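Colleague: no sequence on this one, just coordinates:
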């Protein structure tokens, strides 16, 4: 695994005070927070910062991290020393729940690979896990009921319309007979029903952290993220399609074939339609109670006057129609 | 490797969630949830008396508020204001994209 320079990530000196570290984190978090940032790779950067801050804000973890020495460079191949964690006294409960892909009850950094487009929460690096995760003296212990885990799952709009499935790899810490802890991977296939919307939570009961001793396992929550679409724009359950029409279709009315999330439908453009006008296809948005609608935003597209015939037709319209598109400017 | 098949329960319209559970899901404390109710961000109901429930449809907004409070160190009213401004920004961006599609050649 690669060494991570947490001081460099936060842009502070190794001698920085706790306040300086907090200030640096806050400043960077404001810039890269995925809810507010437009920066490229904001989510990945934010995750790095969270991991660095998780270590540097905690005096015990920071002291242990510092003990690795100042000579390491970010990206260098790294293995934890054999006596890692010895010689420290621990206040207990300061660590993350064991495992690289586990999430605390309140942890939410939304990055890291799952499978099939799923992203699991608080997915700190292998470097972090090897130093501070399950099986290390820094991991919390003796909790009873398992905690909830959170993950993010990306879904195409068509999948949200018709429902879909996702295969997720879940990594859980398990105590071996000799008392040591290892991460075990198990795979679950989740059926996601039709009609999920952006930000919605999907609960998978009992798929979170296993209990330590008595108590119930936590739940796994998947937060839905709908991917952008080439044709449709989504707002709630409604979808909007910019729909090009010829001038004669707009002027005279015309039957047209319209793509929807559920396949094509036939409809009639009313005579006298204008560019920018919206037409509604009721119930053709995302399913739900009630289902969303699909809107067509008409866009009148002019044929180019690039042939003698086309020019002649435009000339004829000019001479015959007596049309002034700027009539209301002279009032 | 064994693959388990799971049915998902979507927390959506018609679901009401206990305020204590909302606190866990959104990294908020109960006081913050009540303050958000006073600010109009969420409309809870009290069933039975003394036990508050929140509509599941409010979860996405409350989770953003929870993240802003925890990650950026803003207070509840600041996070609520940021949420409204972010939503207004997204709506404007959506309208701009829509107009750009209308104005584009393709």
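Modeller: Looks like it came in fine. Only a predicted model underlies this, so the values are computations on that prediction, with no experimental measurement involved.

Colleague: okay, CA-based contacts and neighbour counts for the rest of this
Modeller: Fine.

Colleague: Residue A:211 is in contact with residue A:217, isn't it?
Modeller: Yes: applying Cα atoms under 8 Å, one finds residue A:211 in contact with residue A:217, separated by 4.9 Å.

Colleague: Kindly point out which residues are neighbours of both of the two.
Modeller: Counting by Cα atoms under 8 Å, 6 or more residues apart in numbering or on different chains, the common neighbours of residue A:211 and residue A:217 are A:145-147.

Colleague: List, one by one, the residues from the stretch 201-331 of chain A near chain B.
Modeller: Residues of the stretch 201-331 of chain A lying close to chain B (Cα under 8 Å from any Cα of the partner chain) are A:201-204, A:242, A:276, A:289, A:299.

Colleague: Going through those, which ones are buried?
Modeller: A:201-204, A:242, A:276, A:299 (16 or more other Cα atoms under 10 Å in any protein chain shown).

Colleague: Could you chop chain A up by domain?
Modeller: A:6-226, A:232-326 (automatic domain parsing).

Colleague: Can you tell me which of those domains is most buried?
Modeller: Stretch with highest mean neighbour count among the domains of chain A: domain A:6-226 (a mean of 18; mean count of other Cα atoms under 10 Å in any protein chain shown).

Colleague: ok so, going back, looking at the residues of the stretch 201-331 of chain A next to chain B, which one is closest to residue B:29?
Modeller: residue A:201 (19.2 Å; Cα to Cα).

Colleague: Is that closest one in contact with residue A:224, as I believe?
Modeller: Yes: in this structure, residue A:201 is within contact of residue A:224 by Cα under 8 Å, at 6.3 Å.

Colleague: Show me where the stretch 51-200 of chain A dips below the pLDDT cut-off.
Modeller: A:83-123, A:134-144, A:172-175, A:179-182 (pLDDT under 70).

Colleague: same thing but 80
Modeller: Scanning the stretch 51-200 of chain A for pLDDT under 80 picks out the ranges A:69-124, A:126, A:129-130, A:133-147, A:170-186.

Colleague: Strands of that one, start to end?
Modeller: Counting by DSSP state E, counting those that start in this stretch, the stretch 51-200 of chain A has strands at residues A:110-113, A:118-121, A:149-155, A:164-175, A:181-192.

Colleague: where does the residue most central in space within chain B fall, phi/psi-wise?
Modeller: Most central in chain B under Cα atoms, centre = their mean is residue B:61, positioned 1.6 Å from the mean C-alpha point. Dihedral angles of residue B:61 (phi, psi; degrees, to the nearest 10) stand at phi -70, psi -40.

Colleague: Nearest residue to it in space, ignoring adjacent ones along the chain?
Modeller: Leaving aside its sequence neighbours, residue B:61 sits nearest to residue B:83 (Cα to Cα, 6 or more residues apart in numbering or on different chains; 7.5 Å).

Colleague: Residue A:232 too?
Modeller: Going by Cα to Cα, 6+ apart, residue A:232 has residue A:241 as its nearest residue, at 5.0 Å.

Colleague: now residue B:102
Modeller: Nearest non-adjacent residue to residue B:102 (Cα to Cα, 6+ apart): residue A:299, at 5.9 Å.

Colleague: Show me what secondary structure element comes after the helix or strand where that neighbour lies.
Modeller: According to DSSP states H and E, residue A:299 maps onto strand A:294-300. Counting by DSSP H and E, the next helix or strand C-terminal to strand A:294-300 is helix A:308-321.

Colleague: Return the subset of the buried ones among the residues of the stretch 201-331 of chain A next to chain B lying in strands.
Modeller: Applying DSSP state E to those, the entries found in strands are A:201-204, A:242, A:299.

Colleague: Find the pair from those residues with maximum spatial separation.
Modeller: Applying Cα to Cα across these, the maximum distance is between A:204 and A:299, 43.9 Å.

Colleague: Point out where chain B drops to low pLDDT.
Modeller: Ranges of chain B meeting pLDDT under 80: B:1-8, B:104-106.

Colleague: Spell out the residue ranges of the strands in it.
Modeller: B:3-7, B:9-11, B:16-18, B:45-46, B:52-55.

Colleague: The fourth one: partners in the sheet, and parallel or antiparallel?
Modeller: Just to be clear, that refers to strand B:45-46. strand B:52-55 (antiparallel) (DSSP bridges).

Colleague: For the partner strand, give me every contacting residue.
Modeller: B:12-19, B:22, B:42-47.

Colleague: are any of the residues you listed buried, and which?
Modeller: For the contacts of strand B:52-55, buried by 16+ other Cα under 10 Å: B:12, B:16-19, B:22, B:42, B:44-45.

Colleague: ok, so of those, who is nearest residue A:236?
Modeller: residue B:12 (12.4 Å).

Colleague: if I pick the residue nearest to residue B:61, what's in contact with it?
Modeller: B:61, B:64-65.

Colleague: would you turn the residues you listed into JSON lines with distance to residue B:34?
Modeller: JSON lines is the format used below for the contacts of residue B:83 (distance: Cα to Cα, whole Å):
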{"residue": "B:61", "distance to residue B:34": "14"}
{"residue": "B:64", "distance to residue B:34": "16"}
{"residue": "B:65", "distance to residue B:34": "13"}
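
Colleague: Could you tell me which residues of chain B lie near chain A?
Modeller: When proximity is defined as Cα under 8 Å from any Cα, chain B approaches chain A at B:1-13, B:24-27, B:57, B:59-60, B:64, B:67-68, B:71-73, B:86, B:98, B:101-102.

Colleague: Provide a ChimeraX selection command restricted to the buried entries of those.
Modeller: The buried subset of those, as determined by 16+ other Cα under 10 Å, is captured in ChimeraX by this line:
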select /B:6,8,10,11,12,24,25,26,27,57,59,60,64,67,68,71,72,98,101,102
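
Colleague: Looking at chain B, which helix is longest?
Modeller: helix B:76-103 (DSSP state H).

Colleague: Give me the three-state assignment for the residue nearest the centre of chain A.
Modeller: Centroid-nearest residue in chain A, with Cα atoms, centre = their mean: residue A:225, separated by 5.1 Å. Under DSSP: H, G, I helix; E, B strand; the rest coil, residue A:225 falls in the strand class.

Colleague: Can you give me the pLDDT of it?
Modeller: pLDDT recorded at residue A:225 is 91.
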